[in-house]
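*Asks:* just coords:
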């Protein structure tokens, strides 16, 4: 298969050039977070810190009180993930396995709401959240994030449930399982990869979400991480070396989680033509 | 709860044990969606046809007045036009970059798995955090972009990226593009890898060059995936609030606003909720059309295989 090797070297060179080009802001992040305050505010700037130091990475936890924001984001993301799972797993099972009037309509509905823009909804969702007394609470974001990931997770779980052979479930029913038991004891264990993907997806979504956090949360102890960092940019003296260090920490959990689900995510988004 | 068999004869389409269980299982999702998604949208429609005060309370029926006001406002048309331009330019550029990267990663060189991992980073990162990182990269005096442009002698006097209208538009749209490239690349790559090797081998025997292979085997093979990915990307791009709001907040002087950021600012900053709702309704219609096209393409694919 020698023909495949033709053009390898140019491809490798182009790949490296593109990567350097596309990862540019991360190089800048690493360079900046290793610099001291004076080095950061030197014009023209330079890439390699003269005295590289890791102290920003530690001091940012104290200076920006990062732990508060991490805690808020963790509570919100875990809450949204759990709520989303509780809502979507039964619904996905119903769509995948049960025959009922209006099934096709429900299926379309869940696909189409994926496109409902949070910005369109937020103008009046704000009123509803305020009316329920949930402004400036974790619950406001837990609910909003769980709702806005319903579409994707139902879609994902539906695909997984459908791929499980009918015979397995039938056997369980004949053995005397109730329908609900077949879901919890037979279907879910088999669909674990899909379930994990859906759960991680809703966690990441909640961790990264900006608009609802910006609108619903005012007080610092409940502020999610991305909103906290955004507030620091707005300050009249932004300490960019600390902000870049904070960004570094904020990215680690989502990068790790994203790599776990990346392949199934692509398959889920692009549909049946791409197999995981 | 029913422990019925899998195939209940459909005597009663609504009221057999199987359907009853289905409705029970669907209830939580439907209730939550109803309260937190459909009701807000209905309310936005109501506000769009009403007068509202600064607390977004409805004061009275306004008919089409809000829409008339919008349509007579030149700024509205400028922003709508910019939203369309924003979406078209960004999606085309993402598709182009995505295609190039997919073709590269489809070449079986050592280390391509690692390269693939690195290409994903902009997508895997949190959009608000990436936008903050880019804001620093674009910094006029201390940012690495202008430094690099000078070093490579591309320009001696680089623009004030986020302070000048044209430059700010280029800077914000680039960040949106940059975030969207990996998704395109991965989806295209997955499509390319699903194409049978036999096709390429017989093409090789026929002595075709790489461009012919790409144009006559690869492209037709991934045509449908490209369609779905670009439609999905159009929806995301049209909806991109985060990059613009974090980089420029729509500024300078609203020159980087698109509909989605303008709706938010009109509502929560200028407190003109009925105008914001009017724009939201128009945006809703645009997005619905796009969604329908997407859903159609998606289901056609599911059916064909």
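*Replies:* Thanks, I have it. Note that the structure is a prediction, hence the values are computed from the model and not measured.
*Asks:* helices or strands up against the one helix or strand residue B:81 maps to?
*Replies:* Following DSSP states H and E, one finds residue B:81 within helix B:74-105. Helix B:74-105 is packed against helix A:8-22, helix B:112-124, helix B:165-193, helix B:219-238, helix B:259-264, with contacts defined by 3 or more CB pairs under 8 Å, 6 or more residues apart in numbering or on different chains; DSSP states H and E. In this view, the C-beta of every residue, glycine as well, is placed from N, C-alpha and C.
*Asks:* Identify whichever of these lies nearest to residue B:27.
*Replies:* Set against residue B:27 and scored by CB to CB, the helices and strands packed on helix B:74-105 come closest in helix B:219-238, at 28.3 Å.
*Asks:* List the buried residues for the closest one?
*Replies:* Applying a neighbour-count criterion of 16 or more other CB atoms under 10 Å in any protein chain shown, one finds B:221-222, B:224-238 buried in helix B:219-238.
*Asks:* And it, what does it pack against?
*Replies:* Using 3+ CB pairs under 8 Å, 6+ apart, helix B:219-238 is in contact with helix A:240-270, helix B:74-105, helix B:165-193, helix B:273-304.
*Asks:* Quick check: mean pLDDT of the helix holding residue B:81?
*Replies:* Here helix B:74-105 scores 97 as its mean pLDDT.
*Asks:* any idea of the angle that helix forms with helix A:8-22?
*Replies:* With axes from the mean of the first three to the mean of the last three CA atoms, to 10 degrees applied, the angle from helix B:74-105 to helix A:8-22 works out at 150 degrees.
*Asks:* remind me which residues of the stretch 101-250 of chain A are low pLDDT?
*Replies:* Confidence mapping of the stretch 101-250 of chain A against pLDDT under 70 gives the ranges A:236.
*Asks:* which stretches of the stretch 1-150 of chain B have low pLDDT?
*Replies:* For the stretch 1-150 of chain B (pLDDT under 70), the answer is B:1-14.
*Asks:* can you rerun that using 90?
*Replies:* Counting by pLDDT under 90, the stretch 1-150 of chain B shows low-confidence ranges at B:1-18, B:53-57, B:60, B:107-111.
*Asks:* Tell me how many other residues crowd the nearest residue to residue A:99 once chain neighbours are set aside.
*Replies:* In this structure, residue A:99 finds its nearest non-sequential neighbour in residue B:18, 5.9 Å apart by CB to CB, 6 or more residues apart in numbering or on different chains. Counted with other CB atoms under 10 Å in any protein chain shown, the neighbours of residue B:18 add up to 19.
*Asks:* care to break chain A down by domain?
*Replies:* A:2-53, A:62-270 (automatic domain parsing).
*Asks:* Spatially central residue for the chain, please.
*Replies:* As the question left the chain open, I've gone with chain A. Most central in chain A under CA atoms, centre = their mean is residue A:204, positioned 1.8 Å from the mean C-alpha point.
*Asks:* right idea, wrong chain: chain B
*Replies:* residue B:236 (1.0 Å).
*Asks:* for residue B:194, phi and psi?
*Replies:* Phi and psi for residue B:194, reported as degrees, to the nearest 10, are phi -80, psi -10.
*Asks:* For residue B:134, which of the domains of chain A is the nearest?
*Replies:* domain A:2-53 (5.5 Å).
*Asks:* Distance from the helix holding residue B:81 to the middle of the chain?
*Replies:* Centroid displacement of helix B:74-105 relative to its chain, using CA atoms, centre = their mean, to the nearest Å, is 10 Å.
*Asks:* Show me which positions of it end up buried.
*Replies:* B:76, B:79-80, B:82-83, B:86-87, B:89-91, B:93-95, B:97-105.
*Asks:* and if you look at stretch B:58-71?
*Replies:* Buried residues in stretch B:58-71, counting neighbours by 16+ other CB under 10 Å, are found at B:58, B:62, B:66-67, B:70.
*Asks:* cool, stretch A:94-108 as well?
*Replies:* A:94-98, A:100-101, A:103, A:106-107.
*Asks:* Show me how far that stretch is from its chain's centre.
*Replies:* For stretch A:94-108, the distance to the chain centre is 27 Å (CA atoms, centre = their mean).
*Asks:* what about whichever strand or helix holds residue B:131, near chain A?
*Replies:* Using DSSP H and E, residue B:131 falls within helix B:127-137. Yes. Using CB under 8 Å from any CB of the partner chain, helix B:127-137 comes into contact with chain A via B:127-130, B:132-137.
*Asks:* Just the buried residues of these.
*Replies:* Burial by neighbour count, 16+ other CB under 10 Å: within the residues of helix B:127-137 next to chain A this picks out B:127-130, B:132-137.
*Asks:* mind checking how far residue A:74 is from chain B?
*Replies:* For residue A:74, the distance to chain B equals 14 Å [CB to the nearest CB, to the nearest Å].
*Asks:* State whether that residue is indeed within a helix.
*Replies:* Yes. Residue A:74: assigned to a helix according to DSSP: H, G, I helix; E, B strand; the rest coil.
*Asks:* neighbours around it, how many?
*Replies:* By the criterion of other CB under 10 Å, residue A:74 has 16 neighbours.
*Asks:* Also residue A:242?
*Replies:* Residue A:242, neighbours per other CB under 10 Å, totals 22.
*Asks:* shouldn't it be in contact with residue A:58?
*Replies:* No. Assessed by CB atoms under 8 Å, residue A:242 is found out of contact with residue A:58, at 10.7 Å.
*Asks:* Does residue A:259 touch residue B:117 like I think?
*Replies:* Yes. Applying CB under 8 Å, one finds residue A:259 in contact with residue B:117, separated by 7.2 Å.
*Asks:* The stretch 151-276 of chain A against chain B: which residues are in contact?
*Replies:* Contact residues, the stretch 151-276 of chain A versus chain B (CB under 8 Å from any CB): A:154, A:166, A:169-170, A:173, A:177-180, A:207-208, A:210-211, A:214-215, A:226, A:229-230, A:233, A:240, A:243-244, A:247, A:250-251, A:254-255, A:258-259, A:262, A:266-267, A:269-275.
*Asks:* Tell me who's in contact with the spatially closest residue to residue B:125 that is not a sequence neighbour.
*Replies:* Once flanking residues are discounted, residue B:125 sits nearest to residue A:251: 5.6 Å by CB to CB, 6+ apart. By CB atoms under 8 Å, 6 or more residues apart in numbering or on different chains, the contact set of residue A:251 is B:125-126, B:129.
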